[in-house]
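1. sequence and predicted structure, then a few things I'm wondering about:
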Amino acid sequence: MGSTASILRSSAFPNFWSRNINSVLDGQTGLPQEQIGLRSSSLADRLLTLPPSIFNRQRIRIMLALYYMTGADFTELKKELGLSDGALATHMKALLRDKLVKEQDVQDGGRTRTAYLITQKGHNAVDALLDVFHDIKGAIPRDESP
């Protein structure tokens, strides 16, 4: 889980999204449309099909953590993501409401704990979001200067 944790904690994650995103979505990359290989409206349309609750930096981090893990309890998620109890509870409530994650009671020794698992809907949403990010990354011109 070390590599996932480093991705989730990386400061590059939010910068990737904000860097040139509006120019890509608006088709203003400076490249001919056929070179981009995408229609900007298709990127925006694909984003609009995703559940609104996923468009939050912390919720994306939660979804990515659960995407790569078999499940995690509240304490594990809080520790892994460095969130407060209140912040994690608020984000989990939104993700549960949209059925992107589910709760499941599991036996752990002599006690019962609640684990959070990503649902198929949540898995599909993360797949779609990662696909859009991949396409956006490919559409942003690279600076080739040394």
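-> Noted; the coordinates are in hand.
2. tell me how many other residues crowd R46.
-> Neighbour count of R46, defined by other C-beta atoms under 10 Å: 15. Using the backbone N, CA and C atoms, a C-beta is placed for each residue, glycine as well.
3. mind checking how far it is from Q107?
-> For R46, the distance to Q107 equals 40 Å [C-beta to C-beta, to the nearest Å].
4. contacting residues for the closest residue to Y67 other than its chain neighbours?
-> Counting by C-beta to C-beta, 6 or more residues apart in numbering, V126 is the residue found nearest to Y67 once chain neighbours are left out, at 4.7 Å. Counting by C-beta atoms under 8 Å, 6 or more residues apart in numbering, V126 makes contact with M63, L64, Y67, I118.
5. by neighbours, which of those residues wins?
-> With neighbours taken as other C-beta under 10 Å, the top of those is I118, carrying 25 neighbours.
6. identify the bridge partners of that one.
-> V101 (DSSP bridges).
7. give me the pLDDT for it.
-> What the model reports as pLDDT for I118 is 96.
8. and it, what is it in contact with?
-> Per C-beta under 8 Å, 6+ apart, neighbours of I118: M63, L66, Y67, L100, V101, V126.
9. show me what counts as buried in stretch 50-58.
-> L50, P51, S53, I54 (16 or more other C-beta atoms under 10 Å).
10. now the two most distant members of those residues.
-> Maximum pairwise distance among the buried residues of stretch 50-58 (C-beta to C-beta): 9.1 Å, between L50 and S53.
11. ok, and the closest non-adjacent residue to A115?
-> Distances taken as C-beta to C-beta, 6+ apart put G71 closest to A115, at 4.3 Å, once the chain neighbours are dropped.
12. quick one: that neighbour and T90, what's the gap?
-> With C-beta to C-beta as the criterion, G71 and T90 are 20 Å apart.
13. what's the helix or strand for the residue nearest in space to the middle of the chain?
-> Central residue of the chain (C-alpha atoms, centre = their mean): I60, 3.1 Å from the mean position. Taking DSSP states H and E as the criterion, I60 maps to helix 57-68.
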